[in-house]
Structures are given as C-alpha cells and as structure tokens.
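Student: A predicted structure for the sequence below; I have some questions about it.
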Amino acid sequence: GAGVSQSPRYKVAKRGQDVALRCDPISGHVSLFWYQQALGQGPEFLTYFQNEAQLDKSGLPSDRFFAERPEGSVSTLKIQRTQQEDSAVYLCASSLPGSYGYTFGSGTRLTVV
Amino acid sequence: GNSVTQMEGPVTLSEEAFLTINCTYTATGYPSLFWYVQYPGEGLQLLLKATKADDKGSNKGFEATYRKETTSFHLEKGSVQVSDSAVYFCAFLNNAGNMLTFGGGTRLMVKP
C-alpha cells in the first residue's frame, strides 16, 4: 500500500483483557518496527523484524508482550492480561534495509480501563 | 547508555518569529540524526535528516546541522507559521540501522 496501515485506530480494553494490534507495512519493506509512545513522551523501541525474523525484542516491557510477523509482511503485536500502564499509542514503522527513512503508521491508541 | 535530550516545551511563539529547538545526543560512534514532526491527530513524519558530521538537513524552511564536537542537532527556522504548530522529536539511528532512539518531544505553539 501507499503507507503503513495500523488497526484498530483506537482500542479500549478492560484490565486483564488480551488485545491484538495489527500493522500492514509498505509493500516490499522488509524491516518492521514497533514503538510504544506514552502520553507526552517520545516513542520507545519495542521490537524489530527483518522479514519474518524477529531480530531484536529487547524493548518489550514484559513477557505479556508478544509480536509476530509469520509471512514477512503483516505484523501483530499482542498484549496479554493488559494493565493500566500499557495505555499508550503503539506505533508501527517499516523501511527498506539500509534506508534511513522509516515510514510510521498513525498508530493505535490503547486505553486500558 | 544511548539517549537524546531535547528542550522541554511548550515553546510558544508569534508568527514570523525565529525558532530554535535544542537537541543533544549520547551515542557510540557517529549515528545518523533526524527530526520528526507529529501534527495533531497524525503519525510521525520525517522532517529532515543528516547522516554525517557537518551535514545540514533542511526541509520546509527548517534546518539542523550535525555538530560532532558538541553532539548536537539543533532545529531552527527563521520565520515560523501557525501551521508549524506540532510536536517535534529529535532522534538518532544506531550504527546497525535497526533502532531509532527518540527524545521526549517539544511542543511548538505558534500564535497568529
């Protein structure tokens, strides 16, 4: 597609509920990134894929967070047993390898109540 | 560890005023440096970049120069417009090219 598409745009979850956030990268972009942006803060790195391989997951805050990209295109970020501190905007970005240009999606705003 | 420090906002200016948003970084080696902008209700957009020392990135009247000696990448614009009101993020890309580290963002408000 023309840009990085994320869905849903907004998600309200009850504490303890599991959520799944979807990212559709730009066609042909092999690198895909997830970031977490808390209110009033800068984005923080969560994880990175090159094709279907998850090469870095050092930023995932706990084992409740899990990301996958099984066919090297669409990616899903799953959060189990959501907590209030998980409330944030989750941003996805994609790029070509060696490129300086990350294209970000509009994000999914997750609110845990 | 690696980090980016940028001036706290909000920065409030009148239209046509001069803008400076300071940014310094701590990183190993010589990373590529970026400014991203986030308009209300929208995603992050790349504003400008510089990939080596003394490079000047520029776009839409904004400029920033990669200063290796002071590990800085300050954003400037000579005459701001109301439409420049947004949050601006300074960032650097690690040498492996697989992780952007962002500053906390600076909100700019331009009044007519």
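Tutor: Sure thing, it's come through. Numbering: from 1, shown residues only, chains lettered A, B, ... in the order given.
Student: C-alpha from now on. contacts and neighbour counts both.
Tutor: Noted.
Student: SS state for A:Gln41?
Tutor: With DSSP: H, G, I helix; E, B strand; the rest coil as the basis, A:Gln41 sits in coil.
Student: What is the burial count for it?
Tutor: Neighbours of A:Gln41 under the rule other Cα atoms under 10 Å in any protein chain shown: 15.
Student: in what helix or strand does the nearest residue to B:Ser72 once chain neighbours are set aside lie?
Tutor: Excluding the flanking residues, the one nearest B:Ser72 by Cα to Cα, 6 or more residues apart in numbering or on different chains is B:Thr24, at 4.2 Å. In this assignment (DSSP states H and E), B:Thr24 forms part of strand B:23-26.
Student: Following element in sequence after that strand, please.
Tutor: strand B:32-38.
Student: in its sheet, what does that next one sit against?
Tutor: Strand pairing for strand B:32-38, using DSSP bridges, gives strand B:44-50 (antiparallel), strand B:86-93 (antiparallel).
Student: residues from chain A in reach of chain B?
Tutor: Counting by Cα under 8 Å from any Cα of the partner chain, the positions of chain A adjacent to chain B are A:40-45, A:48, A:98-107.
Student: Throw the strands paired with strand B:32-38 into CSV and include distance to A:Ile79, thanks.
Tutor: As requested, those are arranged in CSV below (distance: least, Cα to Cα, whole Å):
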stretch, distance to A:Ile79
strand B:44-50, 23
strand B:86-93, 26
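Student: Just list the residues touching the residue nearest to A:Lys14 when sequence neighbours are not counted, thanks.
Tutor: Distances taken as Cα to Cα, 6+ apart put A:Val113 closest to A:Lys14, at 5.0 Å, once the chain neighbours are dropped. Taking Cα atoms under 8 Å, 6 or more residues apart in numbering or on different chains as the criterion, A:Val113 is in contact with A:12-15, A:84.
Student: just the strands paired with strand B:32-38: most buried one?
Tutor: For these, the largest average neighbour count (mean count of other Cα atoms under 10 Å in any protein chain shown) is found in strand B:86-93, namely a mean of 26.
Student: what does it rub up against?
Tutor: Contacts for strand B:86-93 (Cα under 8 Å, 6+ apart): A:42, B:4, B:6, B:23, B:25, B:31-40, B:73, B:99-109.
Student: picking that back up, number of nearby residues for the residue nearest to B:Ser72?
Tutor: 18.
Student: Next: the one 10 residues further on.
Tutor: By other Cα under 10 Å, 26 other residues sit near B:Phe34.
Student: Correct me if wrong: it contacts B:Lys49.
Tutor: Yes - between B:Phe34 and B:Lys49 there is a contact at 4.3 Å, judged by Cα atoms under 8 Å.
Student: element containing A:Val89, please.
Tutor: Assigned by DSSP H and E, A:Val89 belongs to strand A:88-95.
Student: can you list the weak-confidence ranges in chain A?
Tutor: Applying pLDDT under 70 to chain A flags residues A:1.
Student: Nearest residue to the most centrally placed residue in chain A in space, please, no chain neighbours.
Tutor: Centroid-nearest residue in chain A: A:Trp34, 3.6 Å away (criterion: Cα atoms, centre = their mean). Setting aside the residues directly before and after it, A:Trp34 is nearest to A:Cys92 in space (Cα to Cα, 6+ apart), at 4.6 Å.
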